[in-house]
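# Model the following, please.
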Amino acid sequence: MLTSTSAAFETPVATGVLLVLLAFAIGEDQFRHRIPNALILAGLILGLGLASLGSGLSGCVYAAAGALVGCTALIPFYLLRGMGAADVKLMGATGAFLGPSGALLAAALALVVGAVLAIAIVLWRLVEPRSRLETSAAGEVSAAWRAVATVLVVRKERFPYAVAIATGTVLTLWLRGSLTSLMAALGLG
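Coordinates of the predicted model:
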């Protein structure tokens, strides 16, 4: 059950703004391999502002707690070099829209989606033509060496983690019924 403070995060306006923020973040991450700090800061300010408009100071505190939880959930993965600082900051901005429990759920789902994407990339690379990997003098690569070489190649690649964050967030919004509310507000549901 939603409290009156968390109800401010369920507005169609906040949901729509969050989805637009995530769409821009995905675009930037996909094509430029970075998420601008200005975009993240704008998202954080909008999340805090919309929460303040909906619930006053308690809404702002709730949004700030969500931002803190969002960042904190991904910091260990940044420290292990599993993702960039912008990904952590994006999860924080997202948390400002979702509140603490929503931020934690979205971060957990984003980590699951990110793991699935990483496995899919490794599997995709395994079926790519062999010319991409080093071959032995005889021109053959054992299956074990190919798998190890693929993991080493993929480990150095960066994939746009904003996709995983957005997917985890959209799943959270769907589970909370926020997407249904947005669709109804737009006259689509």
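# for residue 36, phi and psi?
Residue 36 adopts backbone torsions of phi -60, psi 140, taken as degrees, to the nearest 10.
# whoops, I mixed them up, residue 161
Residue 161 has phi and psi values of phi -70, psi -10 when expressed as degrees, to the nearest 10.
# what's the burial count for it?
Neighbour count of residue 161, defined by other C-beta atoms under 10 Å: 28. All C-beta spots, glycine's among them, are computed from the backbone N, C-alpha and C.
# That one: what's its closest spatial neighbour, skipping adjacent residues?
Leaving out its chain neighbours, the residue that sits closest to residue 161 by C-beta to C-beta, 6 or more residues apart in numbering is residue 87, at 4.4 Å.
# name the helices or strands packed onto the helix or strand the one you found falls within?
Following DSSP states H and E, one finds residue 87 within helix 85-127. Packed against helix 85-127, as judged by 3 or more C-beta pairs under 8 Å, 6 or more residues apart in numbering; DSSP states H and E, are the following elements: helix 4-7, helix 12-32, helix 37-79, helix 143-156, helix 162-176.
# And the average pLDDT for the shortest one is what?
So the one you mean is helix 4-7. For helix 4-7, the mean pLDDT works out to 48.
# for stretch 18-29, same thing?
Across stretch 18-29, the average pLDDT comes to 96.
# Can you mark which positions in it are buried?
Across stretch 18-29, burial judged by 16 or more other C-beta atoms under 10 Å covers 18, 19, 21, 22, 24, 25, 26, 28, 29.
# and that stretch, how far out from the chain's middle?
The chain centroid and the centroid of stretch 18-29 are separated by 10 Å, computed with C-alpha atoms, centre = their mean, to the nearest Å.
# How about residues contacting that stretch?
The contact list for stretch 18-29 (C-beta atoms under 8 Å, 6 or more residues apart in numbering) reads 34-36, 39-40, 42-43, 46-47, 86, 90, 93-94, 97-98, 160-163, 165-166, 169-170, 173, 182.
# swap in stretch 32-48?
By C-beta under 8 Å, 6+ apart, the list of residues contacting stretch 32-48 reads 14, 17-18, 21, 24-25, 28-29, 60, 63-64, 66-67, 84, 86-87, 89-90, 92-97, 158, 160, 162.
# Nothing else from me, thank you.
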